[in-house]
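Participant: Sequence and predicted structure, then a few things I'm wondering about:
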Amino acid sequence: MRMEVIMVQLRNKGKVGDKVKVKITEGDESITRTVKPETLNVLKQQADKLNLKTAEELIYQLEGEKDSLRELPLSLIEFPEFNVPKRFLESIEEHGILEPPIVEPLGNGRYRVIAGRRRLNAARLLGFDTVKCIVKKGGDSTVLTLVENFHRTDNPALEAQLIAKLIEERNLKKSEVARLLNVSPAHITKRLRLLNLIPEIFEKLKKFEINITVARELARLKPEEQREYLNNPESRWTVEDVERFVKQKKIESSARLALSQVSVELETPAIDVDSEKILNPQAISSSIEEERSTIHGSNKLIKDMEELRRIAETIKILARDNRAIVENANRLLKITDKYLPVEV
């Protein structure tokens, strides 16, 4: 390969500064490019190591845009070689590579993969000559390490931490992280939700002491509710038990919200109806029977039943979209019907 400087001090429209027009020849083929003097110096220094194709890629790396989509020869991309699953290979063969791999220039006309090792290996096994890649100029070695660690781990807790690190430290969006890691945006969202776990439960997940389904359910709860489950000696870490607990807490939360919005003027002191009793109307029924046996209990009972009916009817309105609460409110109304006329 030989280089010939055709024109020196070629003004680049006054925007960038002086450039040099250079012709590079190899055998019967040649290319002509306009480059910065610094690029020409690098070309001269590496002339004995370059061929026409790598020289053209090196010029692009030194002169091109920071990030761009390019069709690159597979032979110029450095990536670890390994076999890929048959189903993945068949998908690439049928549909092509839908998400371009991400590579970074090495400064010698070659590239290193940041994300997309499986796709590149599929292309290699299928005999592709070129692959469309996203070139990230000035790649971040820390990001590359995080990506490699993500693909090596099979631990959802560690995945969540790595994703959070990419977002927080590198100021990346979820969609950018999904593309970088070659996973779906939904996968990113699900993993990040695991960070809602309190440290003790998150550690259990990291040590595989609980499974991912249990962890996802508990991550829906407030920290104090998670700690309640953790510290309960009767808690069992099965999917069924955790789902039952989560459902119970959601209903309790809805009941508290409904009760907090009940505003009626009371002629007598308010009947004490907490969320636990809303969930268990039988508890109210039992307290009513006790009330009957007390002196003046009958008169107070009627007033309390009137108030309880108003609360239950209000709850039905406020919680109309929550079937569990509405059903319990109806059960409360049936209890009041035993002691009150149909119309109060």
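Facilitator: Looks like it came in fine. Numbers count the residues shown, from 1 in each chain.
Participant: By mean pLDDT, which helix or strand of the protein comes out lowest?
Facilitator: helix 275-279 (a mean of 48; mean pLDDT, DSSP states H and E).
Participant: And the helix or strand containing Ala157, what's buried?
Facilitator: For Ala157, the host element (DSSP states H and E) is helix 156-170. Neighbour-count burial for helix 156-170 flags 156-167 (criterion: 16 or more other Cβ atoms under 10 Å). Yep, even glycine has a C-beta here, placed from its N, CA and C like the rest.
Participant: Likewise for stretch 117-135?
Facilitator: 117-124, 128, 131, 133-135.
Participant: So the protein: which segments form each domain?
Facilitator: Using automatic domain parsing, the domains assigned to the chain come out as 1-64, 65-139, 150-237, 251-337.
Participant: now the end-to-end length of the last one.
Facilitator: So that's domain 251-337. Length of domain 251-337, first residue to last, Cα to Cα, to the nearest Å: 24 Å.
Participant: Counting neighbours, what do you get for Ile212?
Facilitator: Other residues within reach of Ile212, judged by other Cβ atoms under 10 Å, total 15.
Participant: Tell me how far it lies from Gln248.
Facilitator: Separation of Ile212 from Gln248 (Cβ to Cβ, to the nearest Å): 22 Å.
Participant: Please apply the same query to Leu230.
Facilitator: 16 Å.
Participant: The residue nearest to His187 when sequence neighbours are not counted is in what secondary structure piece?
Facilitator: Distances taken as Cβ to Cβ, 6 or more residues apart in numbering place Ala178 nearest to His187, at 7.1 Å, with adjacent residues excluded. Assigned by DSSP H and E, Ala178 falls within helix 174-181.
Participant: Give me the contact list for that helix.
Facilitator: Helix 174-181 is contacted by residues 99, 102, 114-115, 143, 147, 150-151, 163, 166-167, 172, 184-185, 187-189, 192 when judged by Cβ atoms under 8 Å, 6 or more residues apart in numbering.
Participant: Remind me what the host helix or strand of Leu89 packs against, helices and strands.
Facilitator: Assigned by DSSP H and E, Leu89 belongs to helix 86-95. Helix 86-95 is packed against helix 117-125, with contacts defined by 3 or more Cβ pairs under 8 Å, 6 or more residues apart in numbering; DSSP states H and E.
Participant: The helix it packs on - what's its average pLDDT?
Facilitator: Per-residue pLDDT over helix 117-125 has a mean of 91.
Participant: Thanks a lot, see you next time.
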